[in-house]
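Participant: take this sequence and fold it.
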Amino acid sequence: MSKGIDYGMGKTNIDHKTGIRYGVIPQNDVLQAWADDSEAVYPDPEMIECPECEGSGTMADTSGGTPEGFTCDCPECEGSGEVQDDEAYENSEPTHYEYTQDGYNATCGDDGDIFITKSPYYTRAKFCSPCAPGACYLRDYIEDGEKAYCFGHDWFEDGKAPYPVYRVADDTLVEA
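Facilitator: Down below sits the predicted model:
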């Protein structure tokens with residue numbers, strides 16, 4: 001069986017220090033653990049859409065780095081001299097979710113796929129499609145596949161990952 005094509009040519013979606021590829025897994029595969037422990041990341045205040053002009057300008061932080069007040073830079077709002085309160089910031093949607101604990105670095109955006117960029121564990125998998133060049137799709141375990149960071153057994157509802165889990169530190173197989 002083929003392990004696929006490395007569309008990243010060894011340069012993208014790989015930890016160059018360890019040579020381990022980033023693992024990609026659908027959020028639904030670990031949904032409960034991800035929902036319990038990941039944290040929402042919100043947009044920078046400068047990227048918030050102005051509620052007055054509905055986004056024709058960008059919000060400028062006028063509070064010295066805290067989301068207490070913003071002014072819009074579009075001509076329509078700038079002329080009014082009004083300062084928007086932090087309501088726009090408070091009502092903004094997260095840009096993505098992350099998990100950065102227990103030796104893991106993982107992030108998930110709107111597409112529902114979690115990218116695992118650091119982990120105490122790895123498995124072997126096929127390369128992803130061109131959508132994630134150089135990364136490996138964890139649902140596609142293959143014995144001679146590339147090493148790819150993965151979640152440990154405790155991330156899964158039944159306490160067992162759908163792939164073999166190896167410890168990065170010593171390459172030993174971790175039993176469920």
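Participant: C-alpha from now on. contacts and neighbour counts both.
Facilitator: Noted.
Participant: ok, residue 118 touching residue 101?
Facilitator: No - using CA atoms under 8 Å, residue 118 is not in contact with residue 101, being 10.1 Å away.
Participant: which of the two has more neighbours?
Facilitator: It is residue 118, of residue 118 and residue 101, that has more neighbours when counted by other CA atoms under 10 Å, with 22 against 11.
Participant: show me what that one is bridged to.
Facilitator: Beta-bridge pairing of residue 118, defined through DSSP bridges, involves residue 105.
Participant: shaky segments in the chain?
Facilitator: Along the chain, segments meeting pLDDT under 70 span 1, 44-92.
Participant: that one: helices as residue ranges?
Facilitator: For the chain, the helices defined by DSSP state H occupy 31-37, 75-78, 87-90.
Participant: for residue 36, grab the count of nearby residues.
Facilitator: With other CA under 10 Å as criterion, residue 36 counts 8.
Participant: residues contacting stretch 131-147, please?
Facilitator: With contacts defined as CA atoms under 8 Å, 6 or more residues apart in numbering, stretch 131-147 is touched by 1, 3, 6-14, 19-25, 122-128, 148, 150, 162-163.
Participant: who's in contact with the nearest residue to residue 14 once chain neighbours are set aside?
Facilitator: Excluding the flanking residues, the one nearest residue 14 by CA to CA, 6 or more residues apart in numbering is residue 21, at 4.2 Å. Going by CA under 8 Å, 6+ apart, residue 21 touches 13, 14, 15, 117, 134, 135, 136, 146, 147, 148, 149.
Participant: mind putting these into a markdown table with neighbour count and distance to residue 173?
Facilitator: Shown next, in a markdown table, are the contacts of residue 21 (neighbours: other CA atoms under 10 Å; distance: CA to CA, whole Å):
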| residue | neighbour count | distance to residue 173 |
| --- | --- | --- |
| 13 | 22 | 24 |
| 14 | 23 | 22 |
| 15 | 16 | 21 |
| 117 | 21 | 20 |
| 134 | 25 | 24 |
| 135 | 32 | 21 |
| 136 | 35 | 19 |
| 146 | 24 | 16 |
| 147 | 24 | 13 |
| 148 | 30 | 14 |
| 149 | 34 | 14 |
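Participant: how is this protein divided into domains?
Facilitator: Using automatic domain parsing, the domain ranges for the chain come out as 14-40+96-174, 45-90.
Participant: does residue 106 touch residue 114 like I think?
Facilitator: Yes - if you go by CA under 8 Å, residue 106 and residue 114 touch, sitting 6.5 Å apart.
Participant: buried residues in stretch 101-109?
Facilitator: Along stretch 101-109, these residues count as buried under the neighbour rule (16 or more other CA atoms under 10 Å): 104, 105, 106, 107, 108.
Participant: ditto for stretch 8-28
Facilitator: Neighbour counts over stretch 8-28 (16+ other CA under 10 Å) mark 8, 12-15, 20-27 as buried.
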